[in-house]
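Peer 1: Mind folding the following:
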Amino acid sequence: MSISEEEEEEQKRSLFIKELVQSTPAHFDSVSNENDKIPKRIIQFWDNLEQLPTDVYDCIKTWDQLETLGYERLLFDSKKAGEFIKEKLGSKFKNAYDQCYHPAMQSDYFRLCYIFIEGGCYVDADDVYNGADINHLFKDNRLKVQPLCYDVSSHSMISPSIFTKPGAYSDNWIFYFNNNPLIARSKDPIIEQALTSATLLLQAIEANKIDILPEIQSTAGPGNLSKSVIDILKKTNKMEQFILVLNNWENIAESQWPLSYRNDARNWRLSNCQNFKHLK
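Peer 2: Got it, this is the predicted structure:
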């Protein structure tokens, strides 16, 4: 596929997501479905818990208050995540996980594996919970995802208060779905599609079928998830039964900036497509 064809496909995906995002009502009712509810479980990941930065620990602790409301809290490191994948999905998926060359890629792939098998809510370790009610996010079995919009001309993110308004658009904007949070029941079809696609890409690394390390976001992260959402939704006319777009996730949690790890190789943006050397 030529560069122009790749750009055209990206634009089509962006426009599809734009229409989906801007057609989502500001207030929503849960779909009545008592089967396969999403378990009240918060899952997080940090690759080396023995070297967990204090500021990241402070972010993680903000979610502890949900335990008093009946939520289970789970924190995985790289080793425990790999053990989970091997036990629940087998060697094929564990080998794919082992090809993840950066902790951010490990967390991207692990969350797909975990949510597909067990269901729940995966949240990044640098998200700070503000105490808002989240019970409504677990009352039906739809996948819940947060939309994002990036302005390539200014190299900056667009505020949801702007890009979610019907008709808001610029040729410089790229609409996509974040993989944080990732809220779904087990065996969700969109998560299954994202996991399958990511596994195939990681298997290509293992088989030495690619010359350079793949881009982190497009392999198992937001790029992969966005494409998977579109692949599944284009097959159905009942989008509202599969997905709920969270246009106001920032009212529940916010990614903390700055944090100490963002200034070194642990920040995936500084290590994208590069062999990662962990800090000693």
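
Peer 1: Next secondary structure after whichever helix or strand L201 is part of?
Peer 2: Assigned by DSSP states H and E, L201 falls within helix 189-206. Sequence order places helix 216-220 as the next helix or strand after helix 189-206, per DSSP H and E.

Peer 1: which helices and strands does that next one pack with?
Peer 2: Contact partners of helix 216-220 among helices and strands, from 3 or more C-beta pairs under 8 Å, 6 or more residues apart in numbering; DSSP states H and E: helix 103-118, helix 189-206, helix 222-233. Where you see a C-beta, it was placed from the backbone N, CA and C, and this is true even at glycine.

Peer 1: Need the winner for burial among those helices.
Peer 2: Of all the helices and strands packed on helix 216-220, helix 103-118 has the most neighbours on average by mean count of other C-beta atoms under 10 Å, namely a mean of 25.

Peer 1: Who are the packing partners of the helix or strand immediately after that helix in the chain?
Peer 2: Going down the chain from helix 103-118, the next helix or strand is strand 120-122, by DSSP H and E. On a contact count with 3+ C-beta pairs under 8 Å, 6+ apart, strand 120-122 meets strand 41-45, helix 103-118, strand 173-184.

Peer 1: My guess is F110 contacts F76. True?
Peer 2: Yes. Contact criterion C-beta atoms under 8 Å: F110 and F76 qualify, at 6.7 Å.

Peer 1: intersection of neighbour lists for these two?
Peer 2: 45, 84 (C-beta atoms under 8 Å, 6 or more residues apart in numbering).

Peer 1: so which of the helices and strands packed on helix 216-220 comes closest to F177?
Peer 2: Proximity to F177 (C-beta to C-beta) singles out helix 222-233 among the helices and strands packed on helix 216-220, at 4.7 Å.

Peer 1: Show me what the following helix or strand past that closest one is packed up against.
Peer 2: Using DSSP H and E, the helix or strand that follows helix 222-233 in sequence is strand 243-245. Strand 243-245 sits against helix 3-22, strand 143-151, with contacts defined as 3+ C-beta pairs under 8 Å, 6+ apart.

Peer 1: out of those, which comes closest to N48?
Peer 2: For N48, the closest of the helices and strands packed on strand 243-245 is strand 143-151, at 26.5 Å, according to C-beta to C-beta.

Peer 1: before we move on, the earlier item: average model confidence for the helix holding L201?
Peer 2: For helix 189-206, mean pLDDT rounds to 93.

Peer 1: begin at 26 from here
Peer 2: Yes, from this point I'll number from 26; that puts the last item at helix 214-231.

Peer 1: roughly how far out does that helix sit from the chain middle?
Peer 2: Taking the mean of its C-alpha atoms, helix 214-231 sits 14 Å from the chain's own mean (C-alpha atoms, centre = their mean, to the nearest Å).

Peer 1: Tell me which residues are up against it.
Peer 2: So helix 214-231 is contacted by 117-118, 120-126, 133-134, 137-138, 140-141, 168, 207, 209, 235, 238-239, 244-245, 249-250, 252-254, 256-258, 267-268 (C-beta under 8 Å, 6+ apart).

Peer 1: Next: stretch 182-201.
Peer 2: So stretch 182-201 is contacted by 35, 38-40, 42-43, 46-49, 172-179, 247-248, 251, 272-273, 275 (C-beta under 8 Å, 6+ apart).

Peer 1: what about it, average pLDDT?
Peer 2: Averaging pLDDT along stretch 182-201 yields 96.

Peer 1: So what would you say the end-to-end distance of that stretch is?
Peer 2: End-to-end distance of stretch 182-201 (C-alpha to C-alpha, to the nearest Å): 11 Å.

Peer 1: does K111 belong to a helix or a strand, and which?
Peer 2: helix 103-114.

Peer 1: quick check, distance from the next helix or strand along the chain from that helix to the centre of its chain.
Peer 2: The helix or strand immediately downstream of helix 103-114 is helix 116-123, counting by DSSP H and E. Computed by C-alpha atoms, centre = their mean, the chain-centroid distance of helix 116-123 equals 19 Å.
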